[in-house]
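Q: after the sequence you'll find the predicted model.
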Amino acid sequence: MARKDKLIKMKRVLRAGFFDFWRDTTVSLASVLVMTVTLLFISATVFAGALLDTTLAELRDKIDVNVTFVTTAPEDEILRIKDSLDSLPEVLLVTYVTREEALEAFKERHKNNQSIQVALEELGENPLGAVLNIKARSPSQYSSIAEFLESEDALSSAGLPIIDKINYFENKDAIDRLSAIIHSADRLGLLATLTMAVISMLIAFNTIRLTIYIAREEIAVMRLVGASQSYTQGPFIVVGVIYGIVASVFALLILLPATYYLSRPILEIFSTFDIFSYYLRHFIEIGFIILSSGVFMGALSSAFATRKYLRV
Amino acid sequence: MISFDRVSKIYPDNSIALEDVTLTIESKEFVSIVGPSGAGKTTLLKLFLAEDRPSSGSVFYKDVDVHSLRKNEIDELRRSVGMVFQDFRLLPGKTIYENIAFVLEVSGRSDEEIEQDVPHVLELVDLLPKIWNFPDELSGGEKQRAAIARALATEPDIIIADEPTGNLDPVNTYDIVQILKKINDLGTTVILTTHNKGIIDSLGRRVIALDKGRVVRDDKSGKYF
């Protein structure tokens, strides 16, 4: 019986909320529009986060460490070091460039420089050593990889050194600076996202608070005729949830043409980030974020805003 | 049924709304509370409905101290009282049907009962043709009749009418007073606050006069002054 009563109450609260939303068209439309803008703000932070991630990933990808071996280094020794590097958890990828490949690449790079071509021919032999190109999982791990190489027995079986140079030590400053920038950008991105989310929530809360301020007399009357706090508050929360749902649908629809038209100018600046295809690929996730933000904000704002007027 | 025992209400700015008020209202009585603006009439009603707390003294309803009740018990108390206000206080976003249905829903009536009772109670106040109208489509007198219908719908033990004719012309005032008398004749306690001399004189029922927060007169079949 008690459960049936609860179901009846819930049905009545839902019906009242739906009617309140439908009948007060001007207020509903204004609130939905403000909330739509808020949700577009939130989706902008999602896109900005994705753009930042893509750019950072691209930057990270450009960092690497090259180990150049002396020309006399035996290949099996180089491969031994490559295997040791491969087994390190910090290492993502090790690429072995043989002396011949290094020479080809060098020639290709300087094919327009006549004097280098002549100098190479006069030498008669390959002056370049083999190279191991190492990519770490994170930029901060390059120093430990470099330390590993330092400690590694880098001598050939004949007791001669086989590593000519490790460019990490030459590029250390640049790598450190880039690591710091990436970390700061990550933190800044998170801070910006949080700030925008808080501002958006305040805007939505104030709009809904205004609509409930208009209804404060109504709330007082409901309480005076004996309606419980939850029965009085219920329809307002339902209206807030409907604002959230309708605004989410609006925002998701607006994002389709918006991302389509923005994709070209964004691609011109950030060559790897296509916002439109990102939106389509992540439609379900973005839809979920927007819908849950809308519903959560609508319900919470209504609950907070009505609380003040329930004390009758 | 209702009793005020040495009730005082003093606001933080030291203004006295009620001072040492003691009175009892019996079941099925028709009591008019009169007095100039600021005499304490509305404060008296607010204390009874637990909208406000007394600074000292107690208010009893059916021998229970109203201010010792828990929240849900206060809701229950309010459901047993029908309220009529000077400014009608109908819910503007709901039709007249829904306004009355709301109090019936709150008191736990089923949908079938509500469908039967709302037209019936509107018939009593001669407002059935306006059942699907919104409050702002009604005249002042019609709004007050709708408010009385809402107050009556749950068949309450008491009807409290706080200056119900304050915004009405003499014809509508007469109609409203006749409806309240009829309600009282059917056995419901009616508490009416007013400063309309004509109403009090025509009723010939008990009159409690308040002035500056004190009971200055309590006549069984009084006139205004």
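A: Done, it's in.

Q: what does the stretch 1-150 of chain A have sitting close to chain B?
A: Residues of the stretch 1-150 of chain A found near chain B (C-beta under 8 Å from any C-beta of the partner chain) are A:5, A:8, A:12, A:19, A:20, A:23, A:24. Glycine gets a C-beta too; all of them are placed from N, C-alpha and C.

Q: what number of residues lie near the second one?
A: Neighbour count for residue A:8, taken as other C-beta atoms under 10 Å in any protein chain shown: 14.

Q: could you find the closest non-adjacent residue to residue B:158?
A: Of all residues beyond its chain neighbours, the one nearest residue B:158 is residue B:189 (4.4 Å), with distances taken as C-beta to C-beta, 6 or more residues apart in numbering or on different chains.

Q: how about the one you found, what does it touch?
A: The contact partners of residue B:189, by C-beta atoms under 8 Å, 6 or more residues apart in numbering or on different chains, come to B:1, B:2, B:25, B:26, B:27, B:28, B:29, B:30, B:31, B:157, B:158, B:159.

Q: again, 6 Å this time
A: For residue B:189, the contact set (C-beta atoms under 6 Å, 6 or more residues apart in numbering or on different chains) comprises B:27, B:28, B:29, B:158.

Q: ok, residue A:131 next?
A: A:66, A:68, A:97, A:102.

Q: is chain B within reach of the helix or strand hosting residue A:197?
A: Counting by DSSP states H and E, the element that carries residue A:197 is helix A:167-214. No: against chain B, helix A:167-214 shows no contacts by C-beta under 6 Å from any C-beta of the partner chain, the least distance being 9.8 Å.

Q: how far away is residue B:56 from residue B:21?
A: 11 Å (C-beta to C-beta, to the nearest Å).

Q: the residue in chain A that chain B sits nearest to in helix, strand or coil?
A: Going by C-beta to the nearest C-beta, chain B is nearest to residue A:226 of chain A, at 3.3 Å. Of the three states, residue A:226 takes coil under DSSP: H, G, I helix; E, B strand; the rest coil.

Q: quick one: name the residues of chain B near chain A.
A: Residues of chain B lying near chain A by C-beta under 6 Å from any C-beta: B:75, B:78, B:79, B:83, B:89, B:91, B:93, B:103, B:105, B:106.

Q: among those residues, which lie within helices?
A: If you go by DSSP state H, the residues of chain B next to chain A have B:75, B:78, B:79, B:103, B:105, B:106 in helices.

Q: on that earlier part again, what's the closest of the contacts of residue B:189 to chain A?
A: The closest of the contacts of residue B:189 to chain A turns out to be residue B:158 (C-beta to the nearest C-beta; 12.6 Å).

Q: picking up where we left off before, burial check on the residue of chain A closest to chain B, number of neighbours?
A: 22.

Q: which non-adjacent residue is nearest it?
A: Of all residues not flanking residue A:226 in the chain, residue B:79 sits nearest, at 3.3 Å (C-beta to C-beta, 6+ apart).

Q: next: residue A:58.
A: residue A:272 (5.8 Å).

Q: any idea which helix or strand carries that neighbour?
A: With DSSP H and E as the test, residue A:272 turns up in no helix or strand.

Q: could you check the pLDDT of it?
A: pLDDT, residue A:272: 79.

Q: how about residue A:291?
A: pLDDT, residue A:291: 96.

Q: so it makes contact with residue A:248?
A: Yes: Residue A:291 sits in contact with residue A:248 when judged by C-beta atoms under 6 Å, with a separation of 4.4 Å.

Q: so where's chain B uncertain?
A: Within chain B, the segments meeting pLDDT under 70 span B:222-225.

Q: list phi and psi for residue B:160.
A: phi -110, psi 120 (degrees, to the nearest 10).

Q: list the contacts of it.
A: Contacts of residue B:160 (C-beta under 6 Å, 6+ apart): B:45, B:81, B:83, B:191.

Q: quick check: beta-bridge partners of it?
A: Taking DSSP bridges as the rule, residue B:160 bridges to residue B:83, residue B:191.

Q: same question for residue B:4.
A: When assigned by DSSP bridges, residue B:4 has beta-bridge partners residue B:23, residue B:59.

Q: equivalent analysis for residue B:32, please.
A: residue B:192, residue B:207.

Q: distance of it relative to chain A?
A: According to C-beta to the nearest C-beta, to the nearest Å, residue B:32 and chain A sit 21 Å apart.

Q: hmm, who's touching stretch B:91-106?
A: A:12, A:20, A:23, A:218, A:225-227, B:90, B:114, B:118, B:130-135, B:146, B:149-150, B:153-154.

Q: can you pull out the helices in the stretch 51-200 of chain A?
A: Secondary structure of the stretch 51-200 of chain A (DSSP state H, counting those that start in this stretch): helices at A:75-86, A:99-109, A:114-123, A:142-151, A:167-214.

Q: out of those, flag the one nearest residue A:41.
A: Closest of the helices of the stretch 51-200 of chain A to residue A:41 is helix A:167-214, at 4.6 Å (criterion: C-beta to C-beta).

Q: against which helices or strands is the closest one packed?
A: Here helix A:167-214 touches helix A:25-62, helix A:142-151, helix A:283-310, going by 3 or more C-beta pairs under 6 Å, 6 or more residues apart in numbering or on different chains; DSSP states H and E.

Q: including distance to residue B:36 and mean neighbour count, could those go into TSV?
A: Below are the helices and strands packed on helix A:167-214 laid out as TSV (distance: least, C-beta to C-beta, whole Å; neighbours: other C-beta atoms under 10 Å in any protein chain shown):
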stretch	distance to residue B:36	mean neighbour count
helix A:25-62	39	17
helix A:142-151	88	16
helix A:283-310	30	19
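
Q: where does the closest residue to residue A:220 other than its chain neighbours sit: helix, strand or coil?
A: Leaving out its chain neighbours, the residue that sits closest to residue A:220 by C-beta to C-beta, 6+ apart is residue A:312, at 5.0 Å. With three-state DSSP as the basis, residue A:312 sits in coil.

Q: quick one: the closest residue to chain A within chain B from residue B:109, how far?
A: Closest contact between chain B and chain A, by C-beta to the nearest C-beta, is at residue B:79 (3.3 Å). Per C-beta to C-beta, residue B:79 is found 11 Å from residue B:109.

Q: got it, and residue A:218?
A: 21 Å.

Q: the most centrally placed residue in chain B and residue B:182, how far apart?
A: Taking C-alpha atoms, centre = their mean as the criterion, residue B:160 is the residue nearest the geometric centre of chain B, at 1.5 Å. From residue B:160 over to residue B:182 the distance is 17 Å, taken as C-beta to C-beta.

Q: and what of residue A:257?
A: 65 Å.

Q: report the buried members of the residues of the stretch 1-150 of chain A next to chain B.
A: Among the residues of the stretch 1-150 of chain A next to chain B, those classed as buried by neighbour count (16 or more other C-beta atoms under 10 Å in any protein chain shown) are A:12, A:19, A:20, A:24.

Q: these into CSV, with extra columns for secondary structure?
A: Listed next are those as CSV, based on three-state DSSP:
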residue, secondary structure
A:12, helix
A:19, helix
A:20, helix
A:24, coil
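
Q: picking up where we left off before, of residue B:56 and residue B:21, who's got more company?
A: Between residue B:56 and residue B:21, counting by other C-beta under 10 Å, residue B:21 is the more crowded of the two (24 against 13).

Q: over to that one: give its phi and psi.
A: Torsion angles, degrees, to the nearest 10, at residue B:21: phi -90, psi 130.

Q: thinking it is in contact with residue B:8, fair?
A: No: between residue B:21 and residue B:8 there is no contact under C-beta under 6 Å: 7.3 Å.

Q: switch the helices of the stretch 51-200 of chain A over to a markdown table; also include mean pLDDT.
A: Below are these laid out as a markdown table (pLDDT from 0 to 100):
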| stretch | mean pLDDT |
| --- | --- |
| helix A:75-86 | 85 |
| helix A:99-109 | 86 |
| helix A:114-123 | 83 |
| helix A:142-151 | 78 |
| helix A:167-214 | 78 |
